[in-house]
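J.: task: produce atomic coordinates for the following.
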Amino acid sequence: MTKEKIPSVLSFEKKLVPSDGYFYGARWSEINFENLKDTKKQPLELIEKSVRGVIGNRFGPKDKKDFDKDPTKLDSKVENANLQTIDACFLGENQDTLIMHFTLKILSGLESPWVSNGKEFNITYPEIIKKYQEKFGFQELAKRYAINIANARYLWRNRVGAEEIRVLVKINNQEKILKFDAKKFDLKNFDSPLDGDLKILSDHIAKALAGIDIYKDNALILDINVFAKVGIAQDVYPSEELVLDKGNSKGKGEKSKILYKIKVNNELEIAGMHSQKIGNALRTIDNWYPELLENYNNPIAVEPYGSVTTLGKAFRKPKEKSDFYTLFDNLFLGKTSFENMKENDLHYIIAILIRGGIFGESDKKNNDSNEV
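T.: Numbering: from 1, shown residues only. Okay, the predicted model is just below:
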């Protein structure tokens, strides 16, 4: 297949499909972890606050030039109050626990692209996926996804400083509940022993991705509730909305922080976590990237270039030939055989395909790798 090109039209449907996360408040001592129907919980709503802050930001070069000309301008600037309106979310005065509820659908069908116009590619691609399934059975990836469910990574900032964190998972509405103590899992590795409820969860995920047994014609649906004991009346942190037109929205009364809310009905809007943010946490399994720094040895989310926007860094650079496109082309264009490909690179490639995206090779080289 060395003469064949990557199809110009090529996309993959994502196989891990989380819902948004819904925020509730409760009291830890009143939660029945054996029967969640008995748990008293209240939807958490956003509260708008108007606050009188102070100026504390660093000034830019243009401001400094003005201040050098007239130092009194600096005094006048920093003496002004910083008036702002923000969204906030916090527990009630008798609540100490954040509950986040979401569902996760896991699909099979990785052996076929969602869309592909490559005749030869469509013959070779399923053969390689079959080899991967026969050799690894999705077990390594399934274990990592299961651990990220169990460790509550998707709580993000809400996880920090929590006294206790419990995760309860129901599989396809079965009565049995899988239970995890999230704080017993190390966020920096996936070395946890695969036994008990973790093995049950991992096995279901692996079978769902492979499309075998009960998942031959059905998706796996996980119902997930996570409980974080963060303290009486403490702030909790839904997703923050990205305002793209900030330049046009700085009029009086505009909010400087807008949090995500989900409209449940005409009377209720509940604070929530974006499904994209939950999905990012679930696929934070890539500790195979080549540059494991001493000051950043954490797994990163599976991305084509290993991009971590919070660090402003890409850990998989094309010049180092560790990015998805280089590895994908080497494997599926026959430059490197399946047998000679590094095991970690194979796991990474398959994890990207599970992530989903548009990966066609156009003449303009301007592919968009958004999830599908």
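
J.: quick one: low-confidence parts of this protein?
T.: Applying pLDDT under 70 to the chain picks out residues 1-3, 53-57, 59-60, 62-82, 245-253, 292-295, 363-372.

J.: quick one: the helices in it, in order.
T.: Along the chain, the segments classed as helices by DSSP state H run 61-69, 72-79, 121-136, 139-150, 196-210, 275-282, 324-332, 343-355.

J.: and among those, the most buried is which?
T.: Ranked by mean neighbour count, the helices of the chain are led by helix 139-150 with a mean of 22 (mean count of other CB atoms under 10 Å). C-beta here means a position set from N, CA and C on the backbone, and glycine is covered the same way.

J.: which residues sit against that helix?
T.: Identification of contacts with helix 139-150 by CB atoms under 8 Å, 6 or more residues apart in numbering yields 16, 104, 154, 167, 169, 180, 182, 185, 190, 192, 194, 198, 201-203, 205-206, 209, 222, 224, 281-285, 347, 350-351, 354.

J.: skipping its backbone neighbours, what lies nearest residue 100 in space?
T.: residue 21 (4.6 Å; CB to CB, 6 or more residues apart in numbering).

J.: dump the residue contacts of the one you found.
T.: Counted by CB under 8 Å, 6+ apart, residue 21 has contacts 100, 101, 102, 154, 272, 273, 274, 275, 278.

J.: show me where the stretch 101-250 of the chain has strands.
T.: Listed in chain order, the strands of the stretch 101-250 of the chain (DSSP state E, counting those that start in this stretch) span 115-116, 164-171, 177-181, 220-229.

J.: and what of the stretch 251-372 of the chain?
T.: Going by DSSP E, counting those that start in this stretch, the stretch 251-372 of the chain shows strands at 255-257, 261-263, 269-273, 284-286, 300-301, 307-308, 313-314, 357-358.

J.: helices or strands next to the first one in the packing?
T.: What it means is strand 255-257. strand 81-88 (3 or more CB pairs under 8 Å, 6 or more residues apart in numbering; DSSP states H and E).

J.: what is the orientation angle of the strand it packs on with strand 269-273?
T.: Counting by axes from the mean of the first three to the mean of the last three CA atoms, to 10 degrees, strand 81-88 lies at 90 degrees to strand 269-273.

J.: by contact count, what packs against strand 81-88?
T.: Helices and strands touching strand 81-88, by 3+ CB pairs under 8 Å, 6+ apart, are strand 47-54, strand 255-257.

J.: can you show me the CA trace of that strand as CSV?
T.: Extracted in CSV, the C-alpha atoms of strand 81-88 (Å, rounded to 0.1, in the frame of the first residue of the first chain):
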residue,chain,number,x,y,z
ALA,A,81,-12.0,50.1,42.1
ASN,A,82,-12.4,47.2,39.7
LEU,A,83,-16.1,46.8,39.5
GLN,A,84,-17.3,43.5,38.0
THR,A,85,-20.3,41.2,37.8
ILE,A,86,-19.6,37.5,37.9
ASP,A,87,-21.4,34.1,38.0
ALA,A,88,-20.8,32.0,41.1
